[in-house]
Structures are given as C-alpha cells and as structure tokens.
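Peer 1: okay, predicted coordinates and the sequence, questions at the end:
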Amino acid sequence: MSNFEQFDLTPLSDPGYSGSMLQRQRHHMICEIVATQGYATVPDLMTRLEASRATVARDIQELALAGRIRKVRGGAEAMHGAPALAEPNFDTNQLRNRELKRAIARAAAELCQSGESIIMDGGTTVFAMTEFIADRDLEVLTNSFPIAEVLMKRGKARVILPGGEIFREQGLILSPFEDDTIERFVASKIFIGARAIAQHGLMQTDPLLIRAEQKLIRQAEQMIVLTDSSKFRNRGSLILCPLEKIHTIVTDDGIETATHKMLTDAGIKVIIAQPMKTASVA
C-alpha cells in the first residue's frame, strides 16, 4: 500500500476552506504533487486544491509533522529530494536514429537568424542542432548541460543556463523555483523535442518535465518542434501544450498524409527534412 493512502478521514470544518474536498483528499494530492515535482509552492497548491492559504498552510504543517513532506519557506518539498525523471539516458537515446536526427536538426538550424535569442530545450534531436549553429552569432538559453558544454567549447554563441539541479542521466538542469533566470529571458524561438504528438497536442510522460518545459515555452514567441515521424505513433499521458501553440514542426518524410493534414489544419507549418548526404568512397 502507498504511503499516501493512510489519512485522517475526518472532514475539515474551517471557515478559510474553499471547495468540498476533504482533508484526506487534500493531503493525498499534496503528497502526490510534492513527490512528483520535488517541490510545490503555497500559491500553486492553493490553485490546484482550490483551497485558501490558511488551509494549505495547515495541511503542509500537519503533513510535515507526520513526516510525509518537508516544510520549507513558501511551500513544501519531498522528503528525499527531487524524484528521478522518467526519461531515457541521454547517451543511449543519442544513438537512436542518429542520422535522421541530424537531418532534422540541420533543417531546424536554418530557421535561426544571426543575432537572435533562442531557447533550446533538452533532448537529443535539439542537441544535434549544436553541430549546425556552433559558429552562429546567437544568444542561447538552454536547460541542457550537454548543449551548453558544446556551444561553450566550439561556438561563439552567448550561453545562458537557468539555476537548478542537474539530472545527470538526462543532462538536464531543472528547478522547482520560479526565480531561476528563465522568466527574465525573452526569445524569438524555442526549439523543443517531443515524446509524442497527437490530436490533443504535444505530449509528455513526466510531470516534472511538463512543469519545466511550460516555463520555457512561455518565454518564446514561436515554438518549433523537432521530431522524427515515429513520434506521431507514440503515446503520451500528459499534454504539454495544444497543437495550436506550435508554430512549426520539423520532421522526416515518414509522416503519414492524415497526420500532415491534422497538423496543417491546426495552423502548423510542417518542414520535411531532407536526408543528409554522405560522402562517397572512391
């Protein structure tokens, strides 16, 4: 049985409480939110629970005393630090469809203009763009440690990293805090990968990544998704954003006609990347 399932069943009677959710239900949700995100602010919990500040503060206090969460300034955090991401290892994922990713990345790099400020989300297809933009005059905000490392060593782009914890296996820098430099950066474009794309929108499977990527998306004028055609057949359980938020999708010629129509009907520009030419051997 989950540690989150043993709660006081007594309904809460509190004039500061809003909504009909019982105390045990709120406690269950708080524990799940904090366990998933690693950290949650009081305002975030107030919104998601539809409860008053006093109610949320008391719930945090009770759960902290019970040893289920840790009370911190402005919110609550998980007892054992941030959870692991439900994402594949970066090095392993980088080897999959490598040449296809390079072709998509090259086509995406052609959309970058000299002097632009862009955001590059973590992921191996977006990482492949570094080969084609290393010598460009760009200002790049990225939450990807591998992207930052390559651009710093090989390129002349100005690189900005947000504050946060490094998730080593994925090479990502993620922060539960709002003030992590992201909100101070405004970009013309964000380049982002995809776990899956369906009629509901751009899909993801990890709530921690959803939170981080939505913060990045808000800071860009255009959203450009880099994905091979297999991702249109994948499934995701969480919606990162609706299709209407996406400006451009760069993919390969394996995309099906019905999928292409679904995207264009949503107002999305679809770019089909051409295969990279390999040098012939004499």
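Peer 2: Sure, I can see it.

Peer 1: tell me where the model's unsure across this protein.
Peer 2: Applying pLDDT under 70 to the chain picks out residues 1-21, 36-37, 80-95, 176-178, 277-282.

Peer 1: got the residue ranges for the helices in it?
Peer 2: In the chain, the segments counted as helices under DSSP state H are 23-37, 42-49, 53-65, 90-94, 98-109, 124-127, 130-133, 145-154, 207-217, 257-265.

Peer 1: of these, which is nearest C241?
Peer 2: The closest of those to C241 is helix 207-217. By Cβ to Cβ, the value is 6.3 Å. No exception for glycine: its C-beta is placed from N, CA and C like everyone else's.

Peer 1: what's the angle from the closest one to helix 42-49?
Peer 2: Per axes from the mean of the first three to the mean of the last three Cα atoms, to 10 degrees, the angle that helix 207-217 makes with helix 42-49 is 110 degrees.

Peer 1: so what does helix 207-217 touch, helix or strand wise?
Peer 2: Judged by 3 or more Cβ pairs under 8 Å, 6 or more residues apart in numbering; DSSP states H and E, helix 207-217 is in contact with helix 23-37, strand 172-174, strand 187-192, strand 238-241.

Peer 1: could I get those as TSV with distance to L141 and mean neighbour count?
Peer 2: Below are the helices and strands packed on helix 207-217 laid out as TSV (distance: least, Cβ to Cβ, whole Å; neighbours: other Cβ atoms under 10 Å):
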stretch	distance to L141	mean neighbour count
helix 23-37	21	20
strand 172-174	11	23
strand 187-192	7	22
strand 238-241	18	18
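
Peer 1: distance to I224 for those - can I get that in JSON lines?
Peer 2: Output for the helices and strands packed on helix 207-217, formatted as JSON lines (distance: least, Cβ to Cβ, whole Å):
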{"stretch": "helix 23-37", "distance to I224": "27"}
{"stretch": "strand 172-174", "distance to I224": "19"}
{"stretch": "strand 187-192", "distance to I224": "5"}
{"stretch": "strand 238-241", "distance to I224": "13"}
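
Peer 1: to R106, which of the ones you listed lies closest?
Peer 2: R106 sits nearest to strand 187-192 of all the helices and strands packed on helix 207-217, at 12.4 Å, using Cβ to Cβ.
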